[in-house]
Structures are given as C-alpha cells and as structure tokens.
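Colleague: take a look and give me a structure for this.
(3 chains)
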Amino acid sequence: MSKQIWKCFWLMAVLSMVLAACGSPAPAAPAVVTQMVAGTPMVVTATPAATQSPYNDNAPITVWIDQPRQPAMDAFLKANPADASLIKTVVVDREQFPSKVLLFNNTNQGWPDVVFAEPRLVARVADAAHNFPLDLTGWVPADTINNYSAESNCIFDGKVYCLRNDLAQFVTYYNATLLQQFGYTVPTTWEDYQALSDKLAKDHPGYYLGTFGDGWSFLSFFEASNCPTHQLVDPTTLNINVTDPNCVRAASLVDHMIANKTLYNTDFFNTDFDKLITDNKVLMFEGPAWMWGSFGGAAGDWWTTANHQLGVAAPFKWAADPAPVVAAMGGAAWTVSRHTQNPKLAVALITFVTEDKTLWTGSENFPSYKPIQPLWQQAVSSNPLFANDPYPIMAAAADEISPLDNWPRFDLISPLTQFTQDTYQKKLTVSGNLSEITTLFTPLAQAEGYNVVSK
Amino acid sequence: MANLTMHVEDQSEKKVHPSNSRRYWNRRTGEAYLFLLPYILVMLAFGLGPGIYAFLISFADFSTGIPRYFAAGIKNYLTVFKDSRFGFTFTNIGEFLLISVPVGIALVVLLALLLHMQPGRVSSTLRTLFFIPGAAVGPAVVLLVIFMLTPNVSPFGFLLKSMGLKAFNDIITPASLPFIFLIMGFFVGAGMWIVIQYGALEGISTEVMEAATMDGCNEWQKALYIKLPLIQPYIIYQFILIFAGNVQLFVEPQLLANQTYIHANVPLVWSPNQLAYSFAFDLGNFGASAALALIMLIIGLGASYLMVRWTGFFNID
Amino acid sequence: MVTRWFKKSAGEIGFLGSILRWVVLLIFAIYFVLPMIWLLLAPSKDTPQFSSLNPLAFGSFGQYITVWKNVLIYENGEVLLWFGNSLYYGLLSLLVSLALCIPAGYILAVRRFPGRSLILWLTLITMLLPTSALVLPLFMELNLVHLVNTPWAVILPACFFPFGAYLTYIYYRTSLPLELIDAARVDGASEFEIFVRIALPLAKPLLGLLAFISFNANWNNYFGPYVMLNDDKLFTLPVGIQTVLGSTSALEPGFNPTPGAIHFGYSEAAVAGLILIVPVVIIFLLSQRYVVSGAFTGSVKG
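Modeller: Modelled structure (predicted):
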C-alpha cells in the first residue's frame, strides 16, 4: 500500500515539473514609436501588429462576463456573425477571476481570453504570480486608447492592460422636491455642505445629508479630498499618510456631521438607509454616476422616488483646491489574456463593446469612450426620473476623477469598513482614529510586496 | 475515565477464531481486504494522495507563479508564522472553539435526549424542523444573515432591541463575532447531529430501557444514566468532527466579510482557514497555504488522538 | 401534589419536567423555524416591501410567480439545468460512495486484521484535512487525467466518503453483536455472505441516514465544483446560484447594472435559496421512514 503512495507521488511530481518547464510563447516585437497615451509617454507601435504565429485568427476565444454584459455580447455576435462560432461566452462572478487565474497558472492552461473586470481586479492579476494581462499597446492604436476617459487606471508601469468600459465618478444626488420645500440650495463646496448640515440639524432634525458607514462612503469623503490613504507613488511603493492635511480636513467634516446627526452610519444599500431614502428623509448624498439607476418608481427598484424628483449637481469641491477632485465607485474594464491565441478577435471584441453606439444609448452607466458620451446624453437627459439634465455634470466630473482611484493590489473596502464601524463601536472620532487605517493597510500592503512609506 | 468501548451485550468474550492460524489468516483476512480495497483506492486518489501532495507543496516555492518543488525549504512555514494575521486568526479560532465545541455538543445531545423522551409524531416533526435549516446554503444563508440580524426588519427584532441592539452594525462587532458564528453554525449544523444522536438513541435496545423502567427509573434518570453513556461513541465522533471542523471554520466568516452585500465590521481574514485561502488565492502562495492547512490538520488530529486514546475509541472487544 | 411535581415515578417525565422539556424544545423550534418561515414568505414581497412590511407579513401570491419567472429568465432557465446537474452528480456519487464506504466500515468494526488501526487513523486524517489544502492537489491531479471541467471532476472526489465509513464503523460496533457473526463464521459462512445476509439487513436505518447525509453534502458542496468547473452549463446549483448573485444585482445594486437586464433582487435570491433547500427536505422526509424505524430490536437476547 505504501508503495502505491510513493509511486503516485513521483508520477505527480514528475509530471508537474514537466508542465512547469513549458512556458508560454512570446510574441515577436513590432516596430517601435513613442507617443503620449492617456497622459503618459509610452512606447507604442505606429500601427497594430499583424497577427503572426503563434497567433491564429481562427482560434476560438472564451469570454468571461457578468450577466448585464450579455446584451453587449449578443450585439457583437449579431454584427460579426462569422465570428460567432469562435466565441464562447461564460457568465462568471468576476470577484473569483484572480483566484481562477492562479489555478490555471498551475496547470498551464484554461485561461479565459477576455475578461470583463474592474481595473482593481486587473491590478491584482498584473503581478508576477498571476501574470495575466496582455499589453494592448501593440494591438490598439494609441489614438483609440487616448479616446477613453480615465484610461490611466488601466495603465500599469507603462503597459496598457485593459480598456475602460464605464466610469463611476461621484456626483451629488439630491431630492429636488424636498430641497425646494425647505428652501435650500445645493452647496458647491464641502465647506458650504458643512454649513448646510448645521442649518438642517437646527431646522429639520431627523433629515440626512449622506451616510458614512463603510469603505465606499469613506472614499466618497476622503478620496474626494485627495487624502493619501493608499497612494501609489510608483508601482512598488505605497504611501499611507493619514496625517496629511487633506485627510484631516475630511475627517473633521465627517466628525462635525456625525455630531450634528446629519450623517447616517451605514453603507448606501443598508435596509435602514434604503427606508430613509424612500421615506424622503435624505436630502442629498454623494453617489456614483450609475447610482441613479437604483432610483425609480417600479416595484423592483431599490429606492422608490417620484418623477422629476432626483436632482443631480456637481460633486463638492474644497474651496482651497484649484480643481475639484472626484472620487469613484467602480467602473469596469475589459482585459485580454497574454495567453490568448487570437488577440485580433479579442481586441476587436473589446473595442466593439466599449465603442458601439446602440449598446450605450440605453445604458445606466456613463461610458468611458469619449465619442459615445454625447450619444449617451440623449438617452439620459430625457429620462423623466431626473429633475434636471445630469449629463453635463457627469461629463465634467468624469475628467476630474482622483488619481487615488488607482487601487493597490489589496482590497480597500473591507479594512475601511472595519475602520468606520470600529470608530462608531468604540465611540471614537474619525479624526482621532485615523491611525487605525495605517494599522490595517500596512500589513496588507507588505504582504503584496509593496514598500510602505509615509510622506 | 474507564474504557468506553461499547457493545450491547458482553457475552462475546469467547473468541472462536484463533488469530494466529495461518490457514485462517489467508482466507478470512484476504476477504477482509477485499471489502476494503475499493474504499482504499478512492482514499488514496482523493484523500491521501492530495494530502501528501499538499504536504509536498508546503515546501515548494510559488513566487514565479508555478511550483518549484523543495525550493522553499521551511520558508513557507516561516511566512505563515511571521504573517501579522497569524496570531490574530489563531486567537480568534481559540475563542471560537472554547465556546462552540462544548455548547454545540451539549445542546445537540440535550435536544436529542429531550426529543427521545417521548417518541412520537411531535418528536418526529420537531426533528425534521430542526434539520431543515441544515439544507440552507449560499444565498439563503446570506439573506438570513442580513435580515435576521437587522433589528428593524427581523422577526427577532423585538428580542434584539430589548437587548439594546438597534442596528445590524451594533450586533456585528469584533467581540461578538465568535458568538455570531456559533449562532450561524449551530443553526445550519445542529440538525444533522441531532438526527444522528437520535438515531443512536433509537438503536438502544428496548430490553435495556424496559429493564430500567422496571428498576424504577423515570425518564430523566434514564436519559442521564443509561442513554447518555450508551451513545458515547457517537458523542466522541461528534466531538472529533466538530472540533476539527471548527478549527477549519471558513464559510461563516467568509460570508460576513463579503463586502459586496454585507457591510459589517468584519476583517477579510478572521479564521486560520481564511488565511490559508488568502495565501493561496490572493497571493498565489499555495506553499504557505498548504503549510497553514497542515498546521490546522495537526491541531485537529492532536485533539482527536487524545480523545481516541483516552476513550479507547478504536478498540473492539 | 408538591411531591408529584418533583418526584417522578418510573417511566415518567413529571409535571415540572414536562414543562421544562416543552419550553426548551419550543425555544429551539422558534430558533430553527422562524428564519425558514421568513424565507418561505420572502418571495411574496418585492424589494421595498422587505423594509416596509412586517417581517412575517405576506406580500402577494402573484409575486411568487413573477419571481419564479425572473429566476428562469436567467440564461434561459439555466437554473433548471443546474438543478439537474446537482441531482445527477449527487445521486451518482451517493451510490458509489455508499457502495464503497459501508463494507469498509463494517469490516473495520467486526474483524481484527493487520493494518486495521492504520486505516482507521488514515480515514480520520483524511476527514480532518482542510479542503483549502486539497484544492490545488485535487485540481492538478484531475487535470493530469484531463477531467477538469467535466462532471467527473465533481463526481469522483465525492465517491470518497470517510464520514460514512466512520459512521458505519461506529454503528456496527455499537449495535451488531459479535456473537451473531462468530456463530455464522463457525458455520462456515464467508465474510461476504455474513455481510450481505446478516449485517446489511440490520443496517437499514444507517443506510437511510448515510444516503441522506451523502446526498445533502454533495448537493450543498460549493467549493469542489467551483474549483473544478468553468463551464456554466456544468455547474451545480450552489455554484450557479452564487454566480448569479455575484454577477447580477441580486443582493445589492452591483456595479455596472444595465436596464433591461433581468431583475434579480432579494425575492429572487430567496427563491434561489428555496430551490436549494426544498429537494433536500423532500428527501429527508422520504428517508425519515428508514432513519427512524425501529433501529435494532429483538435480535439480541437480554
């Protein structure tokens, strides 16, 4: 019996080592030119490289999407019926994507060719252990890449690892009916916002101007203040400095509003906060550009609201800042595997789904591809849900997204949720507890191999 | 504690088969192995084989993405011990074991005994009702967590509010986590063990019970002095599995840490098994993950070994 | 009267004791049952009603139908495919695993032979091995024989059922009198004959219980199928449903929603949960007859 065990082990060990010895083939280098791409000087090809071996224009590709992307895939297949037999679509939960890549790396096969995932997930698979994305610089013309807003999130160490699909810039959502009833105007600065909170607390207690209770709501205040809780100085160095004045001002604002009870204490989609919104007890809050889709009058919507009640205004700005800094909550992208055998088809797919007009006119998400944005406007601006035209505000905010939307390779939301909840549960002030963020982030950063600094 | 090897009747001291008879050995023992062979094959293929491979991986280096065997030496084990979450997770699991194992076993046995006192329709129905949550998995459990633990929408809201807990975020705190996991785990897992222990109780011969009644025992005395000792092997089995299973606690903390739909004060890695999972699937360090898994195995095994030796669990008369 | 409260005669539970017994059982009944009742009522409400209505209030019958339709819209009723997959994989592994583990547990309980203790320990060890350790090795092992992303990758590992072997071992050890076996051996019966003619018939309740536990474990298994399967047509129910939750706005408006995409909210998630639970409950009720029936009476003299 024990002999069987040893035979088994040796067989597996030998086979694994044989598999490990086979690497993936490297593409031949195309002609070299330097150009500015998405604000970074980069070495790009003048024209996309022609397919050469080991690539094969007739090789099948597997595409991993989420359920809402199915119409996009259907549209591509309809427009390119010849390719239909080559494309296999699989609906997945993309949070599992990085771990699946690791499994495939161990067996040297099985990777999907195209994946729909947020840039933060692409960041996770861009390190040495995952080594997943293909550098698109050889495959997509530089001019095209430049036409994507916030594409810098997809650029890692000079390599273009994904194409942005949509953006999630924060704007101010407000209850227009309620605002008019109370006789207020929408603030434009954080300072005015704080002053309004005092007025609201005095005149109408029990009404809210936002919520602070999880990682995303944390970012809505602190990322918008450019507070360096997770600043990527360079690909291997992370700056965590919560004593920065940008952090202090945001913390003091939040403390002030917690104290005067105009800030609720949960995440955006908590059932209690949901009820407040539906009961018209929330005057305004900062939310991402796609969040308007959660409002509606139908039974299936999350937050019931009447028509022409949802107002959209510019996100708040600190008076002292020269330009607004806008936080973001999501926004996804498309990435291609470096192991793919048919990059031409893969790239054709991702450029289509991010650029096609008909796809985007009905979407709830703000498209990243600039030429489409005005078309999206036509659909959104006529939606009876809104009290005013949201498009100009969202478009302006799209260009002001904070560089802090470039995430490091570890999850930020869970530790930040812990931070906000700990602050409440231990009855501390946010300003007084900021160091907990450093305590929570530092070991996570170091485990990922970052050099952690504080400056 | 006396040797608790268990059999209903004790008349089998007379052994008919001398175990040193060669002829007997060839035929009987050969047949015995035949009973075991298919089972042993799958055990090797899907239990021991992967287990041994995991042991080997714990010495492999994964920094390039693919395993380089024996390249890491004991580095993976050091990585595990030096990780800042190591102490945190093991303290957590220690606290959890301290409350969950005694409480879990005691309550299951208590409920099985109570049910068995008066077998019948009601007992049978209750047993089924206790069992049903065991089938809840995935989305059902997520929904239940969100809605049972939010006082404003929970059927238990009245109870929660009377304890001063007004919101979901009041209930989920770092200190309360072991209890929350106990409540969740017991909800899903107790039913099966109650059924097993009840089945064990059903297996006690009626003669024994009748004899006890004739001796003047009431139901409570029967439960305590007769039934309980007689199902001891099953209780030991439960202890072993619950202890080892709880050392490997994963599903409940992973569920609460999922920031997609639950926003609570729960770290992404709370239990050692989550740490092992994190090593494997966040950092790609399968070697460290295997090392940590083996540490958990040794702990579970250690407790089992002690229990087995102490009670003579593996002896047959 | 007072003594009647405290002193219980033979075979009696007593008045006070009875009350105590009922209170405890009732408390736990509420603990186990109330959430499940809530779950049953959940698909009758639409999303806002989850907050606005009383927790145990009923929404509307029509909502059940709407919700079920929504669940079926996902990938053209893929939920039913997953249901079928789970059934198929589960039943197949159930049959094989029982056929393997019951004889093993039996022989470990009634015979002494070299290596017996070793096998008991090895079974225990493999039962205690954390799944996180086995994931990669199993994946690579099955990949070697090209079975990854096929149903066999789920069925085969499930054929190893050490829990069943152990439970069988305990069951036979505690309720099978060795003298029966010895008598049969003296009569010249082979081990196999003894097993089939004597031991197996006595194990009906065990069979029922094991079949049920095996089916339940396989039905609910998430991790194994998740790792082994990439093709959503092969998914089992737990993996498929988790994908739905993770790839739609089921439990929270996820990022990047799309209007016209299917609506998947709390009620749909509740239905998904119920689809997972109901078959198990039905099988449990069916196997109740075998699990509960008089385990073992009359074959042993007092």
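Colleague: if I look at the residue nearest the centre of chain C, how far off is chain B?
Modeller: The C-alpha lying nearest the average C-alpha coordinate of chain C belongs to residue C:216 (CA atoms, centre = their mean; 1.7 Å). Distance, residue C:216 to chain B, using CB to the nearest CB, to the nearest Å: 7 Å. To be clear about C-beta, it is placed using only N, CA and C from the backbone, and glycine gets the same treatment.
Colleague: just residue C:70 next, same as before
Modeller: 14 Å.
Colleague: that residue: how many residues sit nearby?
Modeller: Residue C:70 has 18 neighbours, counted by other CB atoms under 10 Å in any protein chain shown.
Colleague: residues making contact with the host helix or strand of it?
Modeller: Here residue C:70 sits within helix C:61-73, counting by DSSP states H and E. Contacts to helix C:61-73, defined as CB atoms under 8 Å, 6 or more residues apart in numbering or on different chains, come from residues C:43-46, C:79-80, C:262-264, C:267-268, C:270-272, C:275.
Colleague: please repeat the previous calculation with a cut-off of 7 Å.
Modeller: Contact with helix C:61-73 is made by C:43, C:44, C:45, C:46, C:79, C:262, C:263, C:264, C:267, C:268, C:271, C:272, as judged by CB atoms under 7 Å, 6 or more residues apart in numbering or on different chains.
Colleague: tell me the buried residues in it?
Modeller: Buried residues in helix C:61-73, counted by 16 or more other CB atoms under 10 Å in any protein chain shown: C:63, C:66, C:67, C:68, C:70, C:71, C:73.
Colleague: residue in the stretch 151-300 of chain C nearest to chain A?
Modeller: Minimum separation of the stretch 151-300 of chain C from chain A (CB to the nearest CB) falls at residue C:246, amounting to 2.7 Å.
Colleague: that residue touches residue A:93, doesn't it?
Modeller: Yes: because the distance of 2.7 Å satisfies CB atoms under 7 Å, residue C:246 is recorded as touching residue A:93.
Colleague: read off the pLDDT value for residue 267.
Modeller: The chain I'm using is chain A. With respect to pLDDT, residue A:267 scores 91.
Colleague: my bad, the chain I had in mind was chain C
Modeller: Residue C:267 is given a pLDDT of 84.
Colleague: again, but for residue B:25
Modeller: Residue B:25 is assigned a pLDDT of 54 by the prediction.
Colleague: likewise residue C:246?
Modeller: 75.
Colleague: counting neighbours, what do you get for it?
Modeller: 21.
Colleague: what about it, which SS state?
Modeller: helix (DSSP: H, G, I helix; E, B strand; the rest coil).
Colleague: pretty sure residue A:277 sits against residue A:303.
Modeller: Yes: because the distance of 4.6 Å satisfies CB under 7 Å, residue A:277 is recorded as touching residue A:303.
Colleague: got the phi/psi numbers for the closest residue to residue B:56 other than its chain neighbours?
Modeller: Distances taken as CB to CB, 6 or more residues apart in numbering or on different chains put residue B:69 closest to residue B:56, at 6.6 Å, once the chain neighbours are dropped. The phi/psi pair for residue B:69 (degrees, to the nearest 10) reads phi -70, psi 140.
Colleague: now secondary structure and distance to residue B:73 too, for the contacts of helix C:61-73, in JSON lines please.
Modeller: Compiled in JSON lines, these are given as follows (DSSP: H, G, I helix; E, B strand; the rest coil; distance: CB to CB, whole Å):
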{"residue": "C:43", "secondary structure": "helix", "distance to residue B:73": "55"}
{"residue": "C:44", "secondary structure": "helix", "distance to residue B:73": "60"}
{"residue": "C:45", "secondary structure": "coil", "distance to residue B:73": "58"}
{"residue": "C:46", "secondary structure": "coil", "distance to residue B:73": "59"}
{"residue": "C:79", "secondary structure": "helix", "distance to residue B:73": "49"}
{"residue": "C:262", "secondary structure": "coil", "distance to residue B:73": "52"}
{"residue": "C:263", "secondary structure": "coil", "distance to residue B:73": "54"}
{"residue": "C:264", "secondary structure": "coil", "distance to residue B:73": "49"}
{"residue": "C:267", "secondary structure": "helix", "distance to residue B:73": "54"}
{"residue": "C:268", "secondary structure": "helix", "distance to residue B:73": "51"}
{"residue": "C:271", "secondary structure": "helix", "distance to residue B:73": "52"}
{"residue": "C:272", "secondary structure": "helix", "distance to residue B:73": "47"}
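Colleague: hmm, which of the residues you listed is lowest in pLDDT?
Modeller: Lowest confidence among those: residue C:262, with 61.
Colleague: list the contacts of residue C:94.
Modeller: Applying CB under 7 Å, 6+ apart, the residues near residue C:94 are C:211, C:214, C:215, C:218.
Colleague: list just the nearest of these to residue B:257.
Modeller: residue C:218 (26.2 Å; CB to CB).
Colleague: looking at the buried residues of helix C:61-73, spot the one nearest chain B.
Modeller: Of all the buried residues of helix C:61-73, chain B sits closest to residue C:71, with 10.8 Å by CB to the nearest CB.
Colleague: show the pLDDT at the closest one.
Modeller: The model's pLDDT for residue C:71 equals 83.
Colleague: residue B:168 too?
Modeller: Looking at residue B:168, its pLDDT reads 87.
Colleague: hang on, it packs against residue B:150?
Modeller: Yes: in this structure, residue B:168 is within contact of residue B:150 by CB under 7 Å, at 4.4 Å.
Colleague: name the residues of the stretch 51-200 of chain B found near chain C, please.
Modeller: With CB under 7 Å from any CB of the partner chain as the criterion, the stretch 51-200 of chain B meets chain C at residues B:51, B:53-54, B:57, B:111, B:114, B:117-118, B:124, B:126, B:128-140, B:142-144, B:147-148, B:153-155, B:157, B:187, B:192, B:195-196, B:199.
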